[in-house]
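[1] Compute the structure for the input listed below.
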Amino acid sequence: QVQLVESGGGMVQAGGSLRLSCAASGRTLSSYDMGWFRQAPGKDREFVAGINWNGGDTHYADSVKGRFTISRDHTKNTMYLQMNSLKSEDTAVYYCAAAAATSAYYSDPSKAPFAYWGQGTQVTVSS
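    This is a model prediction of the structure:
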């Protein structure tokens with residue numbers, strides 16, 4: 001079992017930055033592909049960014065490309081999402097997720113078999 005805990009959310013003005021963290025316990029994340037998702041009120045959950053098991057492959061939703069950066073630190077068993085130039089439309093609950101590393105990630109990172117999810121952290125961007 002993998003337990004994931006997100007942190008780093010909060011309220012920020014448009015144009016500001018936040019860094020989300022996703023800390024894992026129970027197992028090492030080194031054999032898992034990882035992802036960030038978000039869900040805004042009244043909307044479906046959407047893929048934000050993904051990173052493969054060794055950190056060598058990253059993918060981003062078009063809406064965040066160039067503004068967000070996903071990374072991971074195996075020594076800390078933690079994944080990060082650096083969010084810059086935040087916009088009001090980035091307001092959502094952000095979730096991290098882990099999927100046992102398979103070739104599915106490379107077909108479509110958003111559809112990797114994410115079996116483990118965190119509880120979410122709220123990000124609110126005021127305009």
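[2] excluding its backbone neighbours, what's nearest residue 73?
    residue 80 (7.4 Å; Cβ to Cβ, 6 or more residues apart in numbering). Placement of C-beta: from N, CA and C, glycine included.
[3] Residue 29 is in contact with that neighbour, correct?
    No: checked against Cβ atoms under 8 Å, the pair residue 80 and residue 29 is beyond contact range at 12.0 Å.
[4] Please identify which helix or strand holds the residue nearest the centre of the chain.
    The residue lying closest to the centre of the chain (Cα atoms, centre = their mean) is residue 36, at 2.1 Å. Using DSSP states H and E, residue 36 sits within strand 32-39.
[5] and that strand, what other elements does it pack with?
    Contact partners of strand 32-39 among helices and strands, from 3 or more Cβ pairs under 8 Å, 6 or more residues apart in numbering; DSSP states H and E: strand 18-25, strand 46-51, strand 68-73, strand 78-83, strand 92-100.
[6] Going by neighbour count, which residues of it are buried?
    Neighbour-count burial for strand 32-39 flags 32, 33, 34, 35, 36, 37, 38 (criterion: 16 or more other Cβ atoms under 10 Å).
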